[in-house]
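Asker: no FASTA, just this:
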């Protein structure tokens, strides 16, 4: 803990430093408090010197620089990680908790690779090597790390620490290279629907909803009854919410030894805990850390419901009519608590095994690919597909579109028919 004068100012104190020859020399040190970091803990910087006055002078200069610029480093010496921390602090007020979680994971990888590296010393080749290594492990984390780095370098350019952004010359991988997911074929979907129908109705209905709506997992688990319109001339669901887990952080002070003043280790148990969300974040608290938030696209949309699915949902509603429902959710446990993503994923994996598919090779999100593929294959116009599945751009929609062998064969047959080749023209054909 920093030693302070009666006035509250930090005061340098002596310590003994061992030399290479085994002797000791007296030096002076003082700790400067930098404020809270992105993790909520207080950061400090040790300032050392050979004399009391020199240490005091360096402390005053660093304190003045901290108050003026927000950092104790001189511009030329500023490490890359300082700029990444600034980007995180700014993002915290703008992005969703899920995105912020991914940003923090990306920042952790950046710190591991560039700890102590000055921002002016970072080269494009270093960034290319880092991103290539990261992409072999996680495409989504690579994207978030790249976003953090790009904003950090832009900030450094604005501070005139560097002349240009070194990331600008590092080519971004194509979107198609970032995923090996594919849509389920029509025979696969038929098999999955048949097998799902043999499972308990609460599970079967939820799995049918997943396969026949193309909704994201959080959107499925966050379906609320008030937005379900089964008796409309064209039954539909008005999608306004998506379920997610939002962490609660300590609202008390962090002590110098790293513990919290409330005495609890986990932030959710702190009496002053708060939800770690950006400004003006729209949410509804459900149970534990589970909450409803706006969907990924940031706007509501209408999801049409086919007659077969409407029939299944009616049967499910009758089956669960006596179940408590304090949160107004469609999918819930018998005691009324929400179904979390892990349980939902386990149910889907069990279905894959029943169908003879490998859960390690197929993912629940691929049902969205199936919805996009089948809608496009049926000739539904692109704008309608975007509205149904909640994509914001045609580029994303194209990534989700999968062309299976049956469709390829049909396309080639149409090519042959359009050419109207006479049989006599075919090699080996009869004249």
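Answerer: Sure thing, it's come through. Remember, predicted model here, so these are calculated numbers, not experimental data. Residues are numbered from 1 along each chain as shown.

Asker: Which residue ranges of the protein form strands?
Answerer: 13-18, 24-36, 42-49, 228-229, 236-239, 242-245, 248-249, 274-275, 283-287, 290-293, 301-304 (DSSP state E).

Asker: how about the ones you listed in TSV, adding mean neighbour count, mean pLDDT and distance to residue 326?
Answerer: C-beta coordinates here come from the backbone N, C-alpha and C atoms, glycine included. Output for these, formatted as TSV (neighbours: other Cβ atoms under 10 Å; pLDDT from 0 to 100; distance: least, Cβ to Cβ, whole Å):
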stretch	mean neighbour count	mean pLDDT	distance to residue 326
strand 13-18	11	89	57
strand 24-36	15	86	36
strand 42-49	15	83	39
strand 228-229	16	94	17
strand 236-239	20	90	21
strand 242-245	22	90	15
strand 248-249	17	84	20
strand 274-275	14	84	19
strand 283-287	16	89	8
strand 290-293	22	91	12
strand 301-304	17	84	24
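
Asker: what would these look like in TSV with distance to residue 144?
Answerer: Shown next, in TSV, are those (distance: least, Cβ to Cβ, whole Å):
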stretch	distance to residue 144
strand 13-18	41
strand 24-36	22
strand 42-49	23
strand 228-229	34
strand 236-239	25
strand 242-245	17
strand 248-249	20
strand 274-275	21
strand 283-287	22
strand 290-293	18
strand 301-304	25
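
Asker: and of those strands, who's closest to residue 130?
Answerer: Closest approach to residue 130 among those is made by strand 42-49 (24.1 Å; Cβ to Cβ).

Asker: how big is the angle separating that closest one from strand 24-36?
Answerer: Inter-element angle recorded for strand 42-49 and strand 24-36: 150 degrees (by axes from the mean of the first three to the mean of the last three Cα atoms, to 10 degrees).

Asker: Now do strand 42-49: which elements does it pack against?
Answerer: In terms of contacts (3 or more Cβ pairs under 8 Å, 6 or more residues apart in numbering; DSSP states H and E), strand 42-49 is packed against strand 24-36, helix 52-69.

Asker: of all the ones you listed, which lies closest to residue 370?
Answerer: Across the helices and strands packed on strand 42-49, residue 370 has its closest neighbour in strand 24-36 (45.7 Å, Cβ to Cβ).

Asker: what lines up beside that closest one in the sheet?
Answerer: Paired strands of strand 24-36, with direction, are strand 13-18 (antiparallel), strand 42-49 (antiparallel) (DSSP bridges).

Asker: list the contacts for the nearest residue to residue 115 once chain neighbours are set aside?
Answerer: Closest residue in space to residue 115, ignoring its immediate chain neighbours: residue 81 at 6.6 Å, by Cβ to Cβ, 6 or more residues apart in numbering. Neighbour list for residue 81: 110, 111, 114, 115, 117 [criterion: Cβ atoms under 8 Å, 6 or more residues apart in numbering].

Asker: mind redoing it with 10 Å?
Answerer: Counting by Cβ atoms under 10 Å, 6 or more residues apart in numbering, residue 81 touches 107, 110, 111, 113, 114, 115, 116, 117, 119, 152.

Asker: Please list all residues in contact with the first one.
Answerer: When you say that, I think you mean residue 107. Applying Cβ under 10 Å, 6+ apart to residue 107 gives the contacts 38-39, 81, 84-85, 87-88, 91, 144-145, 148-149, 152.

Asker: out of the strands paired with strand 24-36, nearest to residue 270?
Answerer: strand 42-49 (16.2 Å).

Asker: Can you pull out the residues in contact with that closest one?
Answerer: Taking Cβ under 10 Å, 6+ apart as the rule, strand 42-49 contacts 1-2, 10, 12, 15, 17, 27-37, 54-63, 66, 71-73, 85, 253-256, 258.

Asker: Distance from that strand to the middle of the chain?
Answerer: Chain-centre distance of strand 42-49: 34 Å, with Cα atoms, centre = their mean, to the nearest Å.

Asker: What angle do helix 52-69 and it make with each other?
Answerer: Using the same axes, to 10 degrees: strand 42-49 against helix 52-69 is 140 degrees.

Asker: Distance to residue 221 added to the helices and strands packed on strand 42-49, as JSON lines?
Answerer: What follows is the helices and strands packed on strand 42-49, written out as JSON lines (distance: least, Cβ to Cβ, whole Å):
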{"stretch": "strand 24-36", "distance to residue 221": "33"}
{"stretch": "helix 52-69", "distance to residue 221": "45"}
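
Asker: Neighbours of the residue lying closest to residue 371 once chain neighbours are set aside, how many?
Answerer: Nearest residue to residue 371, sequence neighbours excluded (Cβ to Cβ, 6+ apart): residue 214, at 2.7 Å. As a burial measure, residue 214 scores 23 neighbours (other Cβ atoms under 10 Å).

Asker: what's near enough to touch the residue nearest to residue 204 when sequence neighbours are not counted?
Answerer: Of all residues not flanking residue 204 in the chain, residue 196 sits nearest, at 5.0 Å (Cβ to Cβ, 6+ apart). Applying Cβ under 10 Å, 6+ apart, we find residue 196 in contact with 203-208, 210-211, 312, 347-348, 350-351, 354-355.

Asker: Okay, and the beta partners of the nearest residue to residue 302 once chain neighbours are set aside?
Answerer: Computed as Cβ to Cβ, 6+ apart, the closest residue to residue 302 that is not its neighbour in sequence is residue 236, at 5.2 Å. Beta bridges link residue 236 to residue 229, residue 304 when assigned by DSSP bridges.

Asker: My read is that residue 236 contacts residue 303, right?
Answerer: Yes: the pair residue 236 / residue 303 is scored as a contact, 6.2 Å apart, by Cβ atoms under 10 Å.

Asker: Residues that sit against both of the two, list them.
Answerer: Contacts common to residue 236 and residue 303, judged by Cβ under 10 Å, 6+ apart, are residue 227.

Asker: circling back: and which of the contacts of residue 81 is nearest to residue 245?
Answerer: Nearest to residue 245 among those: residue 107, at 19.8 Å, using Cβ to Cβ.
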